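Undergrad: Please find the sequence and the predicted model below.
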Amino acid sequence: MNGKLTFSEKTGKTIEEAIELALAELGVSRDRVDHEVLEVPSKGLFGFIGSKLAKVRVAIRPIDPVDEATQFLKSVFKAMKVNVSMEKVTNDDHVVINLRGEDLGILIGKHGQTLDALQYLTNLAANRDADERSRIVIDVEDYRKRRAETLSRLAMRLADKVKRRGERVVLEPMSPQERKIIHMALQSDNRIMTYSEGDEPYRKVVIALKR
């Protein structure tokens, strides 16, 4: 838990009091933990001789970043009053959460800018308290796949134009992910070179002839 306490053992006059003390030390809410009663309180002889306090062990449950991401997205969609279903696909190094529903263009935005922002916030929420980070990709109706195919075709057309005219072509500003698609699409072309220029968020891909 990134150096934070993951469990606490506390005593109290009652089990409930001991649990509350442990929660205060851990700094988490009750729904985030499991607890074990180590000692049951007893009053002892005549109500005070040999009396014992309650003792509990409270442990924070390991966090599943994908579950955290799902809960975060549900809260966002509830606030937006948007009806969305989620499909989760686990890959080797990331998890894709594909959003489906009607009129979800609002979640994509121009060139996927809103979608990228939603993905960034989702990853922050999902990995905030996680033991191991997970990379979560948010998609809407397979938008990212379609966009990648469109950008790859665009890259091929522009590369052909550069070869015919001998002049470099500068694309419109793109996100790092979209610039990578252009670079990857043309990396095997031995007559073409690609590089990026400018500062974020206006950084652009340049397609030019190899010198």
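TA: Arrived safely, thanks for sending.
Undergrad: so the one residue sitting closest to the centre of the chain, which of the three states?
TA: Centroid check for the chain by Cα atoms, centre = their mean gives residue 123 as the closest residue, at 2.0 Å. What DSSP: H, G, I helix; E, B strand; the rest coil gives for residue 123 is helix.
Undergrad: shaky segments in this protein?
TA: 1-5, 44-50, 131 (pLDDT under 70).
Undergrad: mind running it again at 50?
TA: Residue ranges of the chain with pLDDT under 50: 1-2.
Undergrad: need the strands for it, in chain order.
TA: Along the chain, counting by DSSP state E, strands occupy 7-12, 33-39, 54-60, 85-90, 95-100, 136-140, 169-170, 192-197, 204-209.
Undergrad: Nearest spatial neighbour of residue 179, chain-adjacent residues omitted?
TA: In this structure, residue 179 finds its nearest non-sequential neighbour in residue 205, 5.0 Å apart by Cβ to Cβ, 6 or more residues apart in numbering. Where you see a C-beta, it was placed from the backbone N, CA and C, and this is true even at glycine.
Undergrad: give me the number of residues near the one you found?
TA: Using other Cβ atoms under 10 Å, residue 205 has 25 other residues around it.
Undergrad: beta partners of it?
TA: residue 196 (DSSP bridges).
Undergrad: before we move on, back to that, ok, now which ones touch the residue nearest to the centre of the chain?
TA: 69, 135-136 (Cβ atoms under 8 Å, 6 or more residues apart in numbering).
Undergrad: Dump the strands of the chain to TSV, plus distance to residue 155.
TA: Listed next are the strands of the chain as TSV, based on distance: least, Cβ to Cβ, whole Å:
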stretch	distance to residue 155
strand 7-12	53
strand 33-39	51
strand 54-60	47
strand 85-90	26
strand 95-100	23
strand 136-140	21
strand 169-170	10
strand 192-197	8
strand 204-209	7
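Undergrad: Highest mean neighbour count out of those?
TA: When the strands of the chain are scored by mean count of other Cβ atoms under 10 Å, the highest mean neighbour count falls to strand 136-140 (a mean of 22).
Undergrad: Could you measure from residue 180 over to residue 155?
TA: Note on residue 180: its distance to residue 155, by Cβ to Cβ, to the nearest Å, is 11 Å.
Undergrad: So which of the two has more stuff around it?
TA: Between residue 180 and residue 155, counted using other Cβ under 10 Å, residue 155 has the larger neighbour count: 23 against 15.
Undergrad: nearest residue to the more buried one other than its sequence neighbours?
TA: In space, and not counting its chain neighbours, residue 155 is closest to residue 185: 4.0 Å by Cβ to Cβ, 6+ apart.
Undergrad: what do you get for residue 148?
TA: Closest residue to residue 148 apart from its sequence neighbours, by Cβ to Cβ, 6+ apart: residue 181 at 5.2 Å.
Undergrad: Was I right to think the one you found contacts residue 152?
TA: Yes: between residue 181 and residue 152 there is a contact at 6.3 Å, judged by Cβ atoms under 8 Å.
Undergrad: Between those two, which is the more surrounded one?
TA: residue 181 (21 against 15).
Undergrad: what does the helix ranked longest in the chain rub up against?
TA: The residue-count maximum for a helix in the chain (DSSP state H) belongs to helix 143-165. Contacts of helix 143-165 with the rest of the structure, by Cβ under 8 Å, 6+ apart, involve 108, 111-112, 115, 137, 139, 168-169, 171, 178, 181-182, 185-186, 189, 191-192, 207-209.
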